[in-house]
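S.K.: Coordinates for the following, if possible.
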Amino acid sequence: MGTDNFLRLGLGLAGRPFCIFGDDPTGFEDSCTGFYCSSPSGSVLRDFLPGCRVELEFFRVWICLPALSEARTSPGLAALPNRQVFVIGGYNERDLAKVEYCQLPATLSQDITTTDNSPEFWREAAPLNIARCGLGVCVMGDRIIAAGGVASDAVEVFQPPNAQSQHGQWTLISRMNQERYKFSLAAGQGYLFAF
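M.R.: Modelled structure (predicted):
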């Protein structure tokens with residue numbers, strides 16, 4: 001990934017929730033896919049984010065996905081290796097506990113749409129235990145961790161939907177040592193890092 005890609009990515013996505021997933025865990029190989037939420041005007045600070053975009057061919061072509069069921073600002077994003085992408089919490093006149101997710105197809109194309117015979121593109125997952133926006137989100141193994149948000153030090157772990165639990169399950173775990181808002185959360189070697 002060259003410097004030009006960093007500049008294009010940085011200028012186009014500054015301040016927007018963003019995540020990368022793919023075969024390379026570092027996120028720098030051509031097999032990786034980027035995902036972000038956007039607003040119609042491009043403003044992150046003033047607009048609610050009605051939908052998300054996914055890239056094709058490693059940041060060269062971006063396509064719009066169907067609209068979320070509820071527009072929001074300041075959500076968390078997480079992408080699992082199985083191509084499930086989660087939009088978590090956020091704000092729309094109130095903090096949201098709502099979690100929506102989609103299953104991206106193995107081969108992405110610009111005609112990602114729903115038909116009358118298919119299920120909705122975005123599905124509801126179990127809501128957060130604590131409504132929040134400006135939260136930090138990361139993936140640890142096959143689980144999603146959500147932490148912080150406005151005036152919050154709470155941390156939750158999510159078991160994604162499976163055959164036993166159609167909507168998945170959020171569980172509160174130990175709190176952070178301080179409240180954090182609009183921060184980054186990362187996982188590595190069994191540890192969580194907030195910065």
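S.K.: Can you tell me how far the closest residue to Gln159 other than its chain neighbours is from Phe158?
M.R.: Residue nearest to Gln159 in three dimensions, not counting chain neighbours: Gln169, with 4.8 Å by C-beta to C-beta, 6 or more residues apart in numbering. Just so you know, the C-beta spots here come from the backbone N, C-alpha and C atoms, and that holds for glycine as well. Going from Gln169 to Phe158 by C-beta to C-beta, to the nearest Å gives 7 Å.
S.K.: Give me the common contacts of those two.
M.R.: The contact sets of Gln169 and Phe158 overlap at Ala126 (C-beta atoms under 8 Å, 6 or more residues apart in numbering).
S.K.: Name the residue in these two with the higher neighbour count.
M.R.: The neighbour comparison of Gln169 against Phe158 (other C-beta atoms under 10 Å) goes to Phe158, with 23 against 15.
S.K.: What is the neighbour count of the nearest residue to that one once chain neighbours are set aside?
M.R.: Sequence neighbours aside, Ile144 is the residue nearest to Phe158 in space, at 4.1 Å (criterion: C-beta to C-beta, 6+ apart). Residues lying near Ile144 (other C-beta under 10 Å) number 28.
S.K.: and what of Met176?
M.R.: Applying other C-beta under 10 Å, we find 17 residues neighbouring Met176.
S.K.: residues in contact with the nearest residue to Ala154 once chain neighbours are set aside?
M.R.: Nearest residue to Ala154, sequence neighbours excluded (C-beta to C-beta, 6+ apart): Ile130, at 5.1 Å. Going by C-beta under 8 Å, 6+ apart, Ile130 touches 97, 149, 152, 154, 156, 172.
S.K.: Show the model's pLDDT score for Ile130.
M.R.: On pLDDT, Ile130 comes in at 97.
S.K.: repeat for Pro105
M.R.: Note on Pro105: pLDDT of 79.
S.K.: Secondary structure class of it, three-state.
M.R.: Using DSSP: H, G, I helix; E, B strand; the rest coil, the structure places Pro105 in coil.
S.K.: And it, how close does it get to Leu65?
M.R.: From Pro105 across to Leu65, the span is 11 Å (C-beta to C-beta).
S.K.: These two: which is more packed in?
M.R.: Leu65 (18 against 9).
S.K.: on that earlier part again, look up which residues are beta-bridged to the residue nearest to Phe158.
M.R.: Val139, Phe158 (DSSP bridges).
S.K.: residue contacts, the nearest residue to Ser74 once chain neighbours are set aside?
M.R.: In this structure, Ser74 finds its nearest non-sequential neighbour in Cys133, 4.0 Å apart by C-beta to C-beta, 6+ apart. Neighbouring residues of Cys133 by C-beta under 8 Å, 6+ apart: 72-75, 89-91, 95-96, 149-150.
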